[in-house]
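Colleague: Show me the folded form of this:
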Amino acid sequence: MSADSDQAATYEDVRYEVDGPNAVIMIDREKRMNAFRSKTIEELIHAFKRAWADPAVHAVIFTGAGQKAFCVGGDVKQRAETGNYGPSENGLFEATYLQRLIRDIPKPVIAAVNGIAIGGGHVLHVICDLSIAAEHATFAQAGPRVGSFDAGFGSAYLARVVGEKRAREIWFLLDQYSAADAERWGLVNKVVPADELLDAAKEYGNKIAQYSPTALRFLKHSFNADTDHQGGLSLMAEDGLNVFVQTDEAKEGAAAFAEKRKPDFDKYVQQH
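Modeller: This is a model prediction of the structure:
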């Protein structure tokens with residue numbers, strides 16, 4: 001496996017490699033459980049666009065470094081320390097744009113879930129076209145626990161994938177679910193031993209590479225068309241979240257997470 005250009009050397013939080021017809025995009029923040037900050041999102045966007053532009057790439061495999069976590073969402077420790085997700089070159093935190101890009105890239109995107117997929121990391125795997133999970137992978141949401149939410153693709157589209165009752169269970173109870181549960185619910189396509197995960201994802205990509213790329217492009221757009229209106233919900237939810245994270249309620253969630261204590265949300269219960 002080799003990097004396809006010297007651009008790869010400029011990434012700090014991401015690894016990008018091309019192996020045959022597959023582009024492999026990896027979040028490389030293992031010490032932070034592959035949590036993303038603004039810079040991570042910016043680099044992921046660049047990597048997905050590279051895969052889009054490369055005619056040799058037929059499928060994109062999206063994974064995380066190590067075996068502990070696929071991605072645990074936004075870097076809550078950074079948020080607690082600085083009040084945001086850190087700097088980026090353009091000054092923006094473009095998580096919603098990344099979600100849209102994963103849907104819009106006209107090539108199938110395969111999530112190789114190598115460990116915990118929680119919070120915003122859970123959303124990233126959900127919006128991929130296909131998901132393969134390692135046997136030890138776990139899945140969960142965490143937003144209401146840490147003073148955050150995803151009221152766009154992360155909830156509305158999730159309900160299309162697993163059904164309303166399961167989606168509400170995932171968001172309201174915040175329990176963790178096994179890879180076997182995820183496969184049973186239709187949240188992932190396949191479960192494999194950890195040491196076979198990338199090979200299984202590449203096998204999917206190699207098979208996809210045998211088929212008409214134009215037909216696949218039209219099919220992906222067709223699948224997306226039914227839920228594209230949820231992109232508007234995502235933008236509205238992002239704006240709402242940007243306001244919410246400045247409140248004392250949201251700050252309490254982030255602080256409790258950073259301090260490894262139970263958050264105290266009692267005084268924020270509304271009586272109307």
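Colleague: Please verify my assumption that Phe62 contacts Ile127.
Modeller: No: using CB atoms under 8 Å, Phe62 makes no contact with Ile127, being 10.0 Å away. Yep, even glycine has a C-beta here, placed from its N, CA and C like the rest.
Colleague: Gln99 sits in which helix or strand?
Modeller: helix 95-104 (DSSP states H and E).
Colleague: other SSEs contacting the next helix or strand along the chain from that helix?
Modeller: Under the assignment DSSP H and E, the closest C-terminal helix or strand after helix 95-104 is strand 109-113. Judged by 3 or more CB pairs under 8 Å, 6 or more residues apart in numbering; DSSP states H and E, strand 109-113 is in contact with strand 59-64, strand 69-71, helix 120-126, strand 130-134, helix 197-208.
Colleague: Whichever helix or strand comes after strand 109-113 - contacts with which helices or strands?
Modeller: Proceeding N to C from strand 109-113, the next assigned helix or strand is strand 116-118, under DSSP H and E. Counting contacts by 3+ CB pairs under 8 Å, 6+ apart, strand 116-118 packs against strand 69-71, strand 138-140.
Colleague: ok now strand 116-118, how far from the chain's centre?
Modeller: 9 Å (CA atoms, centre = their mean, to the nearest Å).
Colleague: ditto for stretch 12-29
Modeller: The answer for stretch 12-29 is 15 Å, by CA atoms, centre = their mean.
Colleague: So what touches that stretch?
Modeller: Identification of contacts with stretch 12-29 by CB atoms under 8 Å, 6 or more residues apart in numbering yields 1-4, 7-8, 11, 34-37, 39-40, 43-44, 47-48, 50-51, 54, 56-65, 70-71, 198, 201-202, 205-206, 208-209.
Colleague: now the stretch 1-150 of the chain, which segments are flagged as low pLDDT?
Modeller: 1-9 (pLDDT under 70).
Colleague: Recalculate using a threshold of 80.
Modeller: 1-9, 76-77, 79-83, 85 (pLDDT under 80).
Colleague: returning to what we had before: which one of the helices and strands packed on strand 109-113 has the most crowded surroundings?
Modeller: strand 69-71 (a mean of 29; mean count of other CB atoms under 10 Å).
Colleague: what's the next secondary structure element after that one?
Modeller: Taking DSSP H and E, what comes next after strand 69-71 is helix 76-82.
Colleague: Now that following helix: buried residues?
Modeller: Val76, Gln78, Arg79, Ala80 (16 or more other CB atoms under 10 Å).
Colleague: still on that earlier bit, let me have the helices and strands packed on strand 116-118 in CSV, extended by distance to His221.
Modeller: Compiled in CSV, the helices and strands packed on strand 116-118 are given as follows (distance: least, CB to CB, whole Å):
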stretch, distance to His221
strand 69-71, 26
strand 138-140, 27
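Colleague: Identify whichever of the ones you listed lies nearest to Ala182.
Modeller: Among the helices and strands packed on strand 116-118, strand 138-140 comes nearest to Ala182, with 5.1 Å by CB to CB.
Colleague: Does anything pack onto the closest one? Which helices or strands?
Modeller: strand 116-118, helix 120-126, strand 177-178, helix 179-185.
Colleague: To Phe265, which of those lies closest?
Modeller: Among the helices and strands packed on strand 138-140, strand 116-118 sits nearest to Phe265 (CB to CB), with 19.3 Å.
Colleague: List the strands paired with the closest one, with their directions.
Modeller: strand 69-71 (parallel), strand 138-140 (parallel) (DSSP bridges).
Colleague: which residues of the stretch 151-272 of the chain fall in strands?
Modeller: 177-178, 190-192 (DSSP state E, counting those that start in this stretch).
Colleague: Could you give me the buried positions within the last one?
Modeller: If you call a residue buried by 16+ other CB under 10 Å, then strand 190-192 has these buried ones: Val191, Val192.
Colleague: coming back round to it: which one of the helices and strands packed on strand 138-140 lies closest to Asp239?
Modeller: Per CB to CB, nearest to Asp239 of those: helix 120-126, 16.3 Å.
Colleague: what does that closest one rub up against?
Modeller: By CB under 8 Å, 6+ apart, helix 120-126 touches 34-36, 62, 64, 69-74, 95, 98-99, 102, 111, 113, 117, 131, 139-141, 150, 153-154, 157-158, 161, 187-188.
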